[in-house]
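>>> Fold the following for me, if possible:
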Amino acid sequence: MKQIQSMSVRIVAPARLHLGFLDMHGGLGRYFGSLGLSLSGIHTVLDMSRAVDISATGPCADRARDCAKSMLTQLGIDGGVRIEIKQAIPQHAGLGSGTQMSLAVGTGIARLYGLELTTSEIALILDRGNRSCIGIGAFMHGGFIVDGGQSEQSKLPPIISHLDFPQAWRFILVFDTSRKGIDGFAERQAFRHLPAMDERIAADMCRLLLMQVLPAIVEQECRQFGAAITAIQQLAGEYFADMQGGIYNSPVVESVLNFLLKQGAAGVGQSSWGPTGFAIFSNETDACQALKQIRLQWHDESCLEFALCSAKNSKAEVLLEETVVTDRINLWGQVS
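Take a look at the predicted model:
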């Protein structure tokens, strides 16, 4: 009998809301800059173990395999990994599915092969964080994240603020399953053809962040937070309107969000390129009442789905498990 030490790792990576870019002008030497929030209840969950080859099962298996192949190849690792995807953040919805899958797979491989790599190093290996570090910050810290944008010297946009988010506040997420956000080549082309943002608009957005959004989180003033986020979203949506067909990617999501504002939402907006929209409420009771109303109002709209969630103020979970496997060895010294 032979005892073999086997290690497996479970990674639970949270979805995130990307609440807007701050400076598409770039006149101060930094470009983009963004703000966002880690979400509780929507995750990518992977179980991983070492293997001879690379295999993946479950939702988004192809993406996980590609991430694993890239990671192992670039690190020169002569080995593989087995990935079982228990749950995946919806793709092309503006919730950061690509970054979270990449960081989850990369982190799992690093742990399984005993590599001391930081999340930032893994992100660079897998080519994440080129424009925004919100997804990386959500994986590393959770909570409300602000990054300082890219400069010529930046490898990744630096995280310049990280705050715990009020746990009582709630978000209603509005999904349009008939549409998807811009990504990949189309996204790169969109950014390439965007005109420089008016410097005054960038200044207004940065002022809203510094003088309203951040203080409102610290002082737990939901109305002030929601109003400022709505204002930032309006300015950003107008800037990106030509690329996504309006301030919002999805007209039906826009109509739901306008209704929720009338029902008392503190603020509304779209995450990244959408189509997912969100509405902010100061407590679960009000959010649940509003959710009930929109489900009744749009019950015939088959493309719409809704979710209620809160912020996640902790980093991605990495759970290691070691097991002892007893194998039988036959007369020829082979494991059976």
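>>> could you point out which element follows the host helix or strand of Phe171?
Element membership of Phe171 [criterion: DSSP states H and E] is strand 170-176. Using DSSP H and E, the helix or strand that follows strand 170-176 in sequence is helix 184-193.
>>> so Arg295 touches Phe306, yeah?
Yes: judged on Cβ atoms under 8 Å, Arg295 makes contact with Phe306 at a distance of 6.4 Å. In this view, the C-beta of every residue, glycine as well, is placed from N, C-alpha and C.
>>> With neighbour numbers in mind, choose between these two.
More crowded of Arg295 and Phe306, by other Cβ atoms under 10 Å: Phe306, with 16 against 11.
>>> Contact partners for that one?
Ile172, Leu173, Val174, Phe175, Leu291, Ile294, Arg295 (Cβ atoms under 8 Å, 6 or more residues apart in numbering).
>>> what does the model give Pro195 for pLDDT?
For Pro195, the pLDDT comes out at 85.
>>> Let me fix that, I meant to ask about Val325.
43.
>>> Convert the C-alpha atoms of the helix or strand harbouring Asp204 to PDB, please.
Counting by DSSP H and E, the element that carries Asp204 is helix 199-208. Output in PDB follows, covering the C-alpha atoms of helix 199-208 (Å, rounded to 0.1, in the frame of the first residue of the first chain):
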ATOM      1  CA  GLU A 199     -11.900  68.100 -19.300                       C
ATOM      2  CA  ARG A 200     -14.800  69.700 -17.400                       C
ATOM      3  CA  ILE A 201     -16.800  66.500 -17.400                       C
ATOM      4  CA  ALA A 202     -13.800  64.500 -16.100                       C
ATOM      5  CA  ALA A 203     -13.400  67.200 -13.400                       C
ATOM      6  CA  ASP A 204     -17.000  66.900 -12.400                       C
ATOM      7  CA  MET A 205     -16.900  63.200 -12.100                       C
ATOM      8  CA  CYS A 206     -13.800  63.200 -10.000                       C
ATOM      9  CA  ARG A 207     -15.300  65.900  -7.800                       C
ATOM     10  CA  LEU A 208     -18.500  63.800  -7.300                       C
END
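>>> just how off-centre is that helix within its chain?
24 Å (Cα atoms, centre = their mean, to the nearest Å).
>>> Same question for stretch 100-111.
Distance of stretch 100-111 from its chain centroid, counting by Cα atoms, centre = their mean, is 14 Å.
>>> again, but for stretch 304-323
With Cα atoms, centre = their mean, you get 11 Å for stretch 304-323.
>>> just to revisit the earlier point, any chance you could list what contacts the strand holding Phe171?
17, 39, 42, 90, 93, 249-250, 252-253, 256-257, 260, 265, 274-284, 286-287, 290-291, 294, 303-311.
>>> per-residue pLDDT, Gly181?
76.
>>> what's around the nearest residue to it once chain neighbours are set aside, how many residues?
Spatial nearest neighbour of Gly181, excluding adjacent residues (Cβ to Cβ, 6 or more residues apart in numbering): Trp273 at 3.5 Å. Using other Cβ under 10 Å, Trp273 has 21 other residues around it.
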